[in-house]
Every structure is written in structure tokens, then in C-alpha cells.
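>>> Okay, here's the prediction I keep looking at, along with the sequence it came from:
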Amino acid sequence: MPIRNKWGTETPIKILAAGIGFIILFSCLCGCGAPPGLEGVKKSEFDLTERFSVVSPRTDPEAREFYAHFPVTRKGNRKDSIVMIAPTAVHASLAGFSGPVELKGSATPVFNVGDGIRMDIFLRENGTNKLIYNRFFDAGRRAEDRDWIPLSVPLELRGSADNWLEIRISGGPQGDQTADWLALNAMSIVPRK
């Protein structure tokens, strides 16, 4: 079915439709990319950043213990991070995941002072907590803790809707919580082979 354009000539609808289709395809290809904060996360990974929330908030509503999408730079590497301020705990639902998977990401203390930070990661399945990873960071005394430290924890999930990942941080051995800020980057669930 021909239509007339502004010059009075007829233009077949197929040519018009093809032109519009090309414009849409070109726009999609040029505009596609990773959403902010997901750069470097592979398609087979599931980023947990938006699933994390504070387990039990402090009684002081002005106190901040958790920041999402906080830029942290260590050894020249700036990364979009979740920052936790000790003592605190965050958790993320693992509903929808089952089988052999791996928790991946990286962590670093934000500051090089204090007596260190302890991080414990728990898997909560059907109401029971199981410690699956722990680490002590002491950026004030150990140079290797002043960089992004890769985390990789194999998990076997049963697909329960009641599966949770919980991350707790606390002060060092002297109980000094000065500058006890821990940054977590690209915490993701990745299928294991």
C-alpha cells in the first residue's frame, strides 16, 4: 500500500518500515552497555549489591552503618562498593539460587588506621547459620591489606526461599572501632562447573 510523502511521490510502507527498524536497531546497539555499578560483572554472574540490607539497624537513626554505591579507591583502583561501618551486619536473600555456586567479589579496609576489622560471612539456610568464610583485615600494619583482596567462596545451595547470605563486621582485637570501614565490591553469585 503506497503512501505519499511531502514531495508528492509514493513511498512503499516496506521501505519506511525497514528505515524505522534500522533506526531502532542502531539505537539499541549504540546505547547498550552495563548499568552503572555493574561494569566488570559477567553475564553469568548475579550481582547481589541491590539485595543487601542492614540486619538490625542501630537505635540512633542518625548513625550510618551501610552505604551502597560508595566509590572507594585502593592502590589506584576505584570501585563502586558497599561500605560497612563496624559493628554491623548486612544480609541478602539467596532465594532463586540452587546447586553449586560460588560467592565472588573483593574486599578492602577503607582506611589504614586502627587495630583492624574482622569480617565473617554466614550462610543461613532454614534458620540455621553456618560460617562459610572469615578474614581479619589490618591495613594499618599489613601492606597487603591496603589493596582489593579477592574473595571466592564455594557454596552448595538447596534452592530454599529461606536462604540468606549474611556479612558481619566487627572491630579488631583491642575493640578499637576507629575508622573500621570495610568496602565490598562486586559481590556476586556465579554458577560453578
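Happy to help now that I have it.
>>> Past the lowest-mean-pLDDT helix or strand in the chain, which element shows up next along the chain?
When the helices and strands of the chain are scored by mean pLDDT, DSSP states H and E, helix 13-31 comes last with a mean of 53. From helix 13-31 onward toward the C-terminus, using DSSP states H and E, the following helix or strand is strand 46-47.
>>> what pLDDT, on average, does that following strand get?
Taken as a whole, strand 46-47 has a mean pLDDT of 90.
>>> which helices and strands sit right next to it?
Judged by 3 or more C-beta pairs under 8 Å, 6 or more residues apart in numbering; DSSP states H and E, strand 46-47 is in contact with strand 181-191. Every C-beta, even on glycine, is put in place using the N, C-alpha and C of the backbone.
>>> Tell me who's in contact with the closest residue to Leu103 other than its chain neighbours.
Using C-beta to C-beta, 6 or more residues apart in numbering and skipping residues adjacent in sequence, the residue nearest Leu103 is Val153, 4.3 Å away. By C-beta atoms under 8 Å, 6 or more residues apart in numbering, the residues touching Val153 are 102-104, 121, 132-133.
>>> so what's the closest residue to Leu131 other than its chain neighbours bridging to?
The spatial neighbour of Leu131 that comes closest, neighbours along the chain excluded (C-beta to C-beta, 6+ apart), is Phe122 at 5.7 Å. Bridge pairing for Phe122 (DSSP bridges) gives the partners Leu131, Glu166.
>>> got the contact list for Phe122?
Neighbours of Phe122 in contact, by C-beta under 8 Å, 6+ apart: 129-132, 165-168.
>>> related to what we said a few turns ago, ok, of the contacts of Val153, which one's closest to Arg192?
Closest to Arg192 out of the contacts of Val153 is Glu102 (5.1 Å), distances taken as C-beta to C-beta.
>>> That closest one contacts Leu157, doesn't it?
No. Between Glu102 and Leu157 there is no contact under C-beta atoms under 8 Å: 10.6 Å.
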